[in-house]
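Chemist: Here is my input; please provide its structure:
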Amino acid sequence: MKAALLTRLREIEIGDLPEPQLTDPRDVLLRIDAVGVCGSDVHYYKTGRIGAAVVKYPFVMGHECAGTVQQVGSEVRRLQLGQRVSIDPLVACGHCDQCCGGRPNTCRNQLFLGNPGELSGALAEYVVLPQDCCYPIPESMTAGQAAVVEPLSIGVHAQRLAQMGASATIAILGSGPIGLSVLLACRAAGDCTAYMTDLIDDRLAMAAQLGARWTGNPRQENVVKEIGDAEPAGMDIVFECAGEQETLDQALELLKPGGTLVIVGIPEADDISFGAHTLRRKELTIKNVRRQNHCMAPAIDLVSSGRINVDPLMTHHFPLRETAAAFDLVSGYRDGVIKAIIHVAGE
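Modeler: Numbering: from 1, shown residues only. As a prediction, this is how the structure comes out:
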(Lines give C-alpha, C1' and ligand atoms only; values in the text may rest on other atoms or scores of the structure.)
Protein backbone atom coordinates (compact mmCIF):
# COMPACT_ATOMS: atom_id res chain seq x y z
CA MET A 1 0.00 0.00 0.00
CA LYS A 2 1.03 3.63 -0.51
CA ALA A 3 1.93 5.74 2.50
CA ALA A 4 3.44 9.17 3.18
CA LEU A 5 6.72 8.60 5.03
CA LEU A 6 8.52 11.19 7.11
CA THR A 7 12.12 10.24 6.26
CA ARG A 8 13.90 13.06 8.12
CA LEU A 9 13.07 16.53 9.41
CA ARG A 10 10.88 18.35 6.87
CA GLU A 11 11.17 15.59 4.27
CA ILE A 12 8.22 13.41 3.23
CA GLU A 13 8.27 10.73 0.54
CA ILE A 14 5.52 8.51 -0.84
CA GLY A 15 6.56 4.89 -0.41
CA ASP A 16 5.21 1.35 -0.20
CA LEU A 17 4.41 -0.49 3.03
CA PRO A 18 2.84 -3.91 3.65
CA GLU A 19 -0.93 -3.76 3.97
CA PRO A 20 -1.91 -4.27 7.64
CA GLN A 21 -3.70 -7.47 8.61
CA LEU A 22 -6.40 -8.26 11.14
CA THR A 23 -4.90 -9.94 14.21
CA ASP A 24 -7.63 -9.40 16.81
CA PRO A 25 -11.25 -10.55 16.35
CA ARG A 26 -12.47 -7.10 17.40
CA ASP A 27 -10.39 -5.26 14.80
CA VAL A 28 -11.45 -3.77 11.48
CA LEU A 29 -9.48 -2.99 8.35
CA LEU A 30 -10.15 0.56 7.23
CA ARG A 31 -9.51 2.24 3.92
CA ILE A 32 -8.41 5.74 4.84
CA ASP A 33 -10.40 8.34 2.93
CA ALA A 34 -9.21 11.66 4.37
CA VAL A 35 -6.66 12.91 6.91
CA GLY A 36 -6.36 16.36 8.47
CA VAL A 37 -2.92 17.81 9.13
CA CYS A 38 -2.72 18.51 12.87
CA GLY A 39 -0.40 20.83 14.76
CA SER A 40 1.09 17.83 16.55
CA ASP A 41 1.94 16.30 13.16
CA VAL A 42 3.72 19.54 12.32
CA HIS A 43 5.72 19.26 15.58
CA TYR A 44 7.02 15.88 14.39
CA TYR A 45 7.63 17.24 10.89
CA LYS A 46 9.66 20.23 12.15
CA THR A 47 11.36 18.93 15.30
CA GLY A 48 11.01 15.15 15.28
CA ARG A 49 9.52 15.01 18.76
CA ILE A 50 6.89 16.09 21.26
CA GLY A 51 8.26 15.71 24.76
CA ALA A 52 9.41 12.12 25.23
CA ALA A 53 7.79 10.97 21.96
CA VAL A 54 10.69 10.91 19.51
CA VAL A 55 10.35 9.91 15.84
CA LYS A 56 12.28 6.96 14.42
CA TYR A 57 12.49 7.27 10.64
CA PRO A 58 10.76 6.41 8.42
CA PHE A 59 7.56 7.35 10.21
CA VAL A 60 3.91 7.62 9.14
CA MET A 61 2.12 10.58 10.69
CA GLY A 62 -1.56 11.48 10.85
CA HIS A 63 -4.44 10.82 13.24
CA GLU A 64 -7.33 13.12 12.27
CA CYS A 65 -9.01 10.76 9.86
CA ALA A 66 -12.04 9.16 8.31
CA GLY A 67 -12.33 5.87 6.49
CA THR A 68 -14.45 3.07 5.10
CA VAL A 69 -14.69 -0.44 6.59
CA GLN A 70 -13.08 -3.03 4.29
CA GLN A 71 -12.86 -6.11 6.53
CA VAL A 72 -14.11 -7.01 10.01
CA GLY A 73 -12.92 -9.42 12.68
CA SER A 74 -15.06 -12.33 13.84
CA GLU A 75 -16.29 -10.53 16.98
CA VAL A 76 -17.17 -7.21 15.31
CA ARG A 77 -20.91 -6.66 15.66
CA ARG A 78 -21.68 -2.97 15.19
CA LEU A 79 -19.90 -2.30 11.90
CA GLN A 80 -20.39 -3.69 8.43
CA LEU A 81 -18.47 -3.71 5.18
CA GLY A 82 -18.64 -0.44 3.30
CA GLN A 83 -19.63 1.57 6.36
CA ARG A 84 -18.11 5.06 6.48
CA VAL A 85 -16.69 6.12 9.83
CA SER A 86 -14.98 8.90 11.70
CA ILE A 87 -12.02 7.55 13.62
CA ASP A 88 -10.98 8.06 17.22
CA PRO A 89 -7.18 7.67 17.00
CA LEU A 90 -6.81 6.56 20.63
CA VAL A 91 -6.76 2.85 21.45
CA ALA A 92 -7.51 2.42 25.16
CA CYS A 93 -6.89 -0.81 27.05
CA GLY A 94 -10.34 -0.82 28.68
CA HIS A 95 -9.04 -2.42 31.87
CA CYS A 96 -6.89 0.06 33.83
CA ASP A 97 -8.19 2.30 36.61
CA GLN A 98 -8.51 5.24 34.19
CA CYS A 99 -10.58 3.33 31.65
CA CYS A 100 -12.76 1.82 34.38
CA GLY A 101 -13.21 5.30 35.84
CA GLY A 102 -14.52 6.70 32.56
CA ARG A 103 -11.24 8.33 31.50
CA PRO A 104 -9.98 6.40 28.45
CA ASN A 105 -8.20 9.58 27.29
CA THR A 106 -5.76 9.10 30.20
CA CYS A 107 -5.58 5.29 29.83
CA ARG A 108 -2.35 4.07 31.37
CA ASN A 109 -1.73 1.68 28.47
CA GLN A 110 -3.03 3.74 25.58
CA LEU A 111 -1.79 3.61 22.02
CA PHE A 112 -2.30 6.50 19.64
CA LEU A 113 -2.41 6.60 15.86
CA GLY A 114 0.63 8.33 14.43
CA ASN A 115 2.42 8.61 17.77
CA PRO A 116 6.11 7.55 17.82
CA GLY A 117 6.65 4.20 19.52
CA GLU A 118 2.92 3.41 19.49
CA LEU A 119 0.94 3.11 16.24
CA SER A 120 1.79 3.94 12.66
CA GLY A 121 -0.27 6.88 11.40
CA ALA A 122 -3.19 7.39 9.07
CA LEU A 123 -1.35 8.85 6.08
CA ALA A 124 -1.56 5.45 4.40
CA GLU A 125 -4.10 3.66 2.26
CA TYR A 126 -5.13 1.26 5.05
CA VAL A 127 -5.02 0.97 8.83
CA VAL A 128 -6.26 -1.63 11.31
CA LEU A 129 -7.97 -0.43 14.48
CA PRO A 130 -10.40 -1.82 17.09
CA GLN A 131 -14.09 -1.40 16.28
CA ASP A 132 -14.44 0.86 19.33
CA CYS A 133 -12.38 3.50 17.50
CA CYS A 134 -14.90 3.69 14.64
CA TYR A 135 -17.93 5.98 14.72
CA PRO A 136 -20.43 5.61 11.86
CA ILE A 137 -21.27 8.81 10.02
CA PRO A 138 -24.36 9.70 8.01
CA GLU A 139 -24.29 9.66 4.21
CA SER A 140 -24.63 13.45 4.23
CA MET A 141 -21.21 13.89 5.87
CA THR A 142 -18.16 14.24 3.66
CA ALA A 143 -14.87 12.48 4.38
CA GLY A 144 -13.27 15.84 5.10
CA GLN A 145 -15.93 16.73 7.65
CA ALA A 146 -15.56 13.32 9.26
CA ALA A 147 -11.80 13.86 9.59
CA VAL A 148 -12.36 17.24 11.24
CA VAL A 149 -14.63 15.58 13.82
CA GLU A 150 -11.53 14.52 15.79
CA PRO A 151 -10.17 18.06 16.44
CA LEU A 152 -13.74 19.28 16.95
CA SER A 153 -14.17 16.61 19.63
CA ILE A 154 -11.23 18.15 21.48
CA GLY A 155 -13.03 21.50 21.40
CA VAL A 156 -16.18 19.83 22.74
CA HIS A 157 -14.17 18.15 25.51
CA ALA A 158 -12.48 21.44 26.44
CA GLN A 159 -15.84 23.21 26.60
CA ARG A 160 -17.33 20.49 28.81
CA LEU A 161 -14.25 20.39 31.05
CA ALA A 162 -14.53 24.15 31.57
CA GLN A 163 -18.10 23.77 32.87
CA MET A 164 -19.07 26.91 31.01
CA GLY A 165 -22.08 28.61 32.54
CA ALA A 166 -24.83 30.56 30.83
CA SER A 167 -23.70 33.86 29.27
CA ALA A 168 -20.05 33.11 30.04
CA THR A 169 -17.33 35.51 29.00
CA ILE A 170 -14.43 33.60 27.49
CA ALA A 171 -11.08 34.25 25.86
CA ILE A 172 -9.47 31.83 23.44
CA LEU A 173 -5.76 32.50 23.03
CA GLY A 174 -4.70 30.93 19.75
CA SER A 175 -7.04 30.84 16.75
CA GLY A 176 -5.70 27.83 14.91
CA PRO A 177 -7.87 24.78 14.18
CA ILE A 178 -8.13 23.78 17.86
CA GLY A 179 -8.88 27.29 19.09
CA LEU A 180 -11.53 27.65 16.40
CA SER A 181 -12.94 24.23 17.35
CA VAL A 182 -13.22 25.44 20.95
CA LEU A 183 -15.06 28.54 19.70
CA LEU A 184 -17.50 26.44 17.66
CA ALA A 185 -18.12 24.10 20.59
CA CYS A 186 -18.67 26.92 23.06
CA ARG A 187 -21.07 28.79 20.77
CA ALA A 188 -23.02 25.59 20.13
CA ALA A 189 -23.24 24.93 23.88
CA GLY A 190 -24.71 28.25 24.91
CA ASP A 191 -24.71 32.01 24.86
CA CYS A 192 -21.10 33.07 25.35
CA THR A 193 -19.09 36.18 24.55
CA ALA A 194 -15.78 35.20 22.99
CA TYR A 195 -12.55 37.18 22.64
CA MET A 196 -9.82 35.61 20.50
CA THR A 197 -6.19 36.32 19.78
CA ASP A 198 -3.61 35.06 17.31
CA LEU A 199 -0.44 36.17 15.54
CA ILE A 200 -1.93 35.47 12.10
CA ASP A 201 -4.54 37.91 10.81
CA ASP A 202 -6.17 35.36 8.49
CA ARG A 203 -6.98 33.23 11.52
CA LEU A 204 -8.41 36.21 13.35
CA ALA A 205 -10.63 36.90 10.34
CA MET A 206 -11.87 33.31 10.53
CA ALA A 207 -12.52 33.66 14.26
CA ALA A 208 -14.64 36.74 13.59
CA GLN A 209 -16.48 34.91 10.80
CA LEU A 210 -17.28 32.06 13.19
CA GLY A 211 -18.68 34.32 15.89
CA ALA A 212 -15.94 35.82 18.06
CA ARG A 213 -17.04 39.22 19.36
CA TRP A 214 -13.50 40.66 19.33
CA THR A 215 -10.19 39.56 17.85
CA GLY A 216 -6.69 40.92 18.33
CA ASN A 217 -3.08 40.34 17.36
CA PRO A 218 -0.69 40.67 20.35
CA ARG A 219 2.08 41.76 17.99
CA GLN A 220 0.01 44.77 16.97
CA GLU A 221 -1.81 45.74 20.16
CA ASN A 222 -1.94 45.16 23.90
CA VAL A 223 -4.56 42.43 23.86
CA VAL A 224 -4.76 42.13 27.64
CA LYS A 225 -5.54 45.84 27.95
CA GLU A 226 -8.02 45.82 25.06
CA ILE A 227 -9.93 42.84 26.44
CA GLY A 228 -9.71 44.24 29.98
CA ASP A 229 -11.16 47.56 28.84
CA ALA A 230 -14.07 45.74 27.18
CA GLU A 231 -14.62 43.37 30.12
CA PRO A 232 -13.38 45.08 33.32
CA ALA A 233 -14.57 42.21 35.53
CA GLY A 234 -12.34 39.77 33.68
CA MET A 235 -12.87 36.47 31.91
CA ASP A 236 -14.84 33.58 33.37
CA ILE A 237 -12.77 31.12 31.33
CA VAL A 238 -9.60 31.35 29.27
CA PHE A 239 -8.80 28.56 26.83
CA GLU A 240 -5.06 28.59 26.10
CA CYS A 241 -4.73 27.05 22.63
CA ALA A 242 -1.32 28.29 21.49
CA GLY A 243 1.02 26.33 23.77
CA GLU A 244 3.15 29.39 24.50
CA GLN A 245 4.44 30.88 27.76
CA GLU A 246 3.31 34.31 26.58
CA THR A 247 -0.31 33.24 26.23
CA LEU A 248 -0.26 31.43 29.57
CA ASP A 249 0.91 34.67 31.20
CA GLN A 250 -1.83 36.60 29.40
CA ALA A 251 -4.41 34.08 30.59
CA LEU A 252 -3.65 34.71 34.26
CA GLU A 253 -3.98 38.45 33.73
CA LEU A 254 -7.27 38.11 31.88
CA LEU A 255 -9.07 35.80 34.32
CA LYS A 256 -11.38 37.15 37.00
CA PRO A 257 -11.00 35.89 40.58
CA GLY A 258 -12.37 32.37 40.71
CA GLY A 259 -11.88 31.96 36.96
CA THR A 260 -10.74 28.85 35.12
CA LEU A 261 -7.77 28.38 32.83
CA VAL A 262 -8.15 25.46 30.41
CA ILE A 263 -4.85 24.49 28.80
CA VAL A 264 -5.55 23.01 25.38
CA GLY A 265 -2.39 23.87 23.45
CA ILE A 266 0.67 21.61 23.40
CA PRO A 267 3.83 23.54 24.31
CA GLU A 268 6.99 22.80 22.35
CA ALA A 269 8.97 23.56 25.52
CA ASP A 270 9.27 20.87 28.20
CA ASP A 271 8.56 23.32 31.04
CA ILE A 272 6.08 26.15 31.58
CA SER A 273 5.60 28.43 34.58
CA PHE A 274 2.88 30.39 36.36
CA GLY A 275 2.88 33.39 38.62
CA ALA A 276 2.18 31.68 41.96
CA HIS A 277 0.87 34.78 43.68
CA THR A 278 -1.56 35.60 40.86
CA LEU A 279 -2.88 32.06 41.02
CA ARG A 280 -3.28 32.27 44.77
CA ARG A 281 -4.75 35.73 45.05
CA LYS A 282 -7.29 35.12 42.32
CA GLU A 283 -7.91 31.53 43.47
CA LEU A 284 -7.74 30.34 39.88
CA THR A 285 -8.48 26.83 38.68
CA ILE A 286 -6.25 25.20 36.06
CA LYS A 287 -7.48 22.30 33.95
CA ASN A 288 -5.52 20.43 31.30
CA VAL A 289 -7.01 18.88 28.19
CA ARG A 290 -5.73 15.45 27.20
CA ARG A 291 -7.17 14.77 23.78
CA GLN A 292 -10.94 14.11 24.17
CA ASN A 293 -13.17 11.98 26.32
CA HIS A 294 -16.39 10.45 24.93
CA CYS A 295 -16.89 13.44 22.62
CA MET A 296 -16.61 11.87 19.16
CA ALA A 297 -20.29 10.94 18.88
CA PRO A 298 -21.47 14.35 20.18
CA ALA A 299 -19.15 16.06 17.69
CA ILE A 300 -20.59 14.00 14.83
CA ASP A 301 -24.10 14.94 15.96
CA LEU A 302 -23.19 18.64 16.09
CA VAL A 303 -21.90 18.54 12.52
CA SER A 304 -24.57 16.28 11.02
CA SER A 305 -27.38 18.31 12.62
CA GLY A 306 -26.01 21.55 11.21
CA ARG A 307 -25.44 23.12 14.63
CA ILE A 308 -21.74 23.38 13.77
CA ASN A 309 -20.39 24.02 10.26
CA VAL A 310 -16.77 22.86 9.99
CA ASP A 311 -16.48 23.54 6.26
CA PRO A 312 -14.83 26.98 6.71
CA LEU A 313 -11.99 25.30 8.63
CA MET A 314 -11.06 23.14 5.63
CA THR A 315 -9.20 25.73 3.59
CA HIS A 316 -6.91 23.48 1.53
CA HIS A 317 -7.15 20.02 -0.04
CA PHE A 318 -4.39 17.73 -1.34
CA PRO A 319 -4.05 14.19 -2.71
CA LEU A 320 -1.78 11.75 -0.88
CA ARG A 321 1.01 12.25 -3.42
CA GLU A 322 1.18 15.94 -2.43
CA THR A 323 1.48 15.34 1.32
CA ALA A 324 4.88 17.07 1.40
CA ALA A 325 3.34 20.20 -0.11
CA ALA A 326 0.54 20.10 2.45
CA PHE A 327 2.97 19.95 5.37
CA ASP A 328 5.14 22.68 3.87
CA LEU A 329 2.08 24.91 3.58
CA VAL A 330 0.79 24.23 7.10
CA SER A 331 4.17 24.50 8.81
CA GLY A 332 4.75 27.85 7.11
CA TYR A 333 1.27 29.20 7.92
CA ARG A 334 0.97 30.27 4.28
CA ASP A 335 -1.95 31.18 2.04
CA GLY A 336 -4.42 31.63 4.89
CA VAL A 337 -4.34 27.94 5.76
CA ILE A 338 -6.47 26.80 8.67
CA LYS A 339 -6.86 23.06 8.07
CA ALA A 340 -5.31 21.11 5.20
CA ILE A 341 -7.11 17.90 4.29
CA ILE A 342 -5.23 15.10 2.54
CA HIS A 343 -7.51 12.87 0.46
CA VAL A 344 -5.95 9.42 0.54
CA ALA A 345 -8.64 7.42 -1.28
CA GLY A 346 -9.98 8.29 -4.69
CA GLU A 347 -7.14 10.57 -5.78
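
Chemist: Direction included, what does the helix or strand bottoming out on mean pLDDT in the chain pair up with?
Modeler: Across the helices and strands of the chain, mean confidence by mean pLDDT, DSSP states H and E is lowest for strand 49-50: a mean of 90. Neighbouring strands of strand 49-50 in its sheet, by DSSP bridges, are strand 53-54 (antiparallel).

Chemist: ok, then the element right after the strand it pairs with?
Modeler: Per DSSP states H and E, the first helix or strand lying C-terminal to strand 53-54 is strand 64-72.

Chemist: Quick one: list the elements packing against that following strand.
Modeler: strand 27-36, strand 84-87, strand 126-130, helix 143-162 (3 or more CB pairs under 8 Å, 6 or more residues apart in numbering; DSSP states H and E). From N, CA and C alone the C-beta is placed, and that goes for glycine too.

Chemist: Need the contact partners of it.
Modeler: Strand 64-72 is contacted by residues 22, 28-38, 79-87, 89, 113, 122, 126-127, 131, 134, 137, 143-144, 146-151, 345 when judged by CB atoms under 8 Å, 6 or more residues apart in numbering.

Chemist: Separate out the buried members of those.
Modeler: Applying 16 or more other CB atoms under 10 Å to these, the neighbour count classes 28-38, 79, 83-87, 89, 113, 122, 126-127, 131, 134, 137, 143-144, 146-151, 345 as buried.

Chemist: okay, now the domains of this protein?
Modeler: Per automatic domain parsing, the domain ranges recorded for the chain read 2-136+310-343, 152-288.

Chemist: so what's the most centrally placed residue in the chain up against?
Modeler: The chain has P151 as the residue nearest its centroid, 3.1 Å off, counting by CA atoms, centre = their mean. By CB under 8 Å, 6+ apart, the contact list for P151 reads 36, 38, 64, 177-178, 181, 339.

Chemist: go with 6 Å
Modeler: P151 makes contact with 64, 177-178, 181 under the criterion CB atoms under 6 Å, 6 or more residues apart in numbering.

Chemist: What separation do you get for it and R280?
Modeler: Distance, P151 to R280, by CB to CB, to the nearest Å: 34 Å.

Chemist: can you check S167 too?
Modeler: Using CB to CB, one gets 28 Å for the distance from S167 to R280.

Chemist: I'd like the mean pLDDT over the helix or strand where K287 lies, please.
Modeler: Using DSSP H and E, K287 falls within strand 285-288. Averaging pLDDT along strand 285-288 gives 98.

Chemist: how far is that strand from where the chain is centred?
Modeler: Relative to its chain's centre, strand 285-288 lies at 18 Å (CA atoms, centre = their mean, to the nearest Å).

Chemist: Then stretch 55-70?
Modeler: With CA atoms, centre = their mean as the basis, stretch 55-70 stands 15 Å off its chain's centre.

Chemist: again, but for stretch 223-232
Modeler: On CA atoms, centre = their mean, the centre of stretch 223-232 falls 28 Å from that of its chain.

Chemist: one step back: Throw together a PyMOL command that grabs the buried residues out of the contacts of P151.
Modeler: Of those, the buried ones go into a single PyMOL selection, burial set by 16+ other CB under 10 Å:
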select buried, resi 64+177+178+181
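
Chemist: from the contacts of P151, which ones fall inside helices?
Modeler: 177-178, 181 (DSSP state H).

Chemist: Nearest to G243 among those residues?
Modeler: G243 lies nearest to I178 out of these, by CB to CB, at 9.5 Å.

Chemist: and that closest one, what does it touch?
Modeler: 151, 241, 264.

Chemist: Check the gap between it and H157 for me.
Modeler: Counting by CB to CB, the gap from I178 to H157 is 11 Å.

Chemist: Next: V42.
Modeler: Distance of V42 to H157, given as CB to CB: 21 Å.

Chemist: what's D201 sitting at in phi/psi?
Modeler: Backbone torsions for D201, taken as degrees, to the nearest 10, come to phi -70, psi -30.

Chemist: pLDDT wise, what is A166 at?
Modeler: Predicted confidence (pLDDT) at A166: the value is 85.

Chemist: My reading is that it lies in a helix. Confirm?
Modeler: No. Under DSSP: H, G, I helix; E, B strand; the rest coil, A166 falls outside any helix and is assigned coil.

Chemist: where does the residue located most distally from the centre of the chain land in three-state SS?
Modeler: Relative to the centre of the chain, and counting by CA atoms, centre = their mean, the farthest-placed residue is R281 at 32.6 Å. Following three-state DSSP, R281 is assigned to helix.

Chemist: And for the closest residue to it other than its chain neighbours, the neighbour number?
Modeler: Closest residue in space to R281, ignoring its immediate chain neighbours: P257 at 7.7 Å, by CB to CB, 6 or more residues apart in numbering. P257 has 10 neighbours, counted by other CB atoms under 10 Å.

Chemist: try H343
Modeler: 18.

Chemist: Pretty sure it sits against G36.
Modeler: No. Assessed by CB atoms under 6 Å, H343 is found out of contact with G36, at 10.8 Å.

Chemist: Please enumerate the shared neighbours of the two.
Modeler: Shared contacts of H343 and G36 (CB under 6 Å, 6+ apart): none.

Chemist: re earlier: can you list the domains of the chain in TSV and add distance to M296?
Modeler: Formatted as TSV, the domains of the chain follow (distance: least, CB to CB, whole Å):
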stretch	distance to M296
domain 2-136+310-343	5
domain 152-288	5
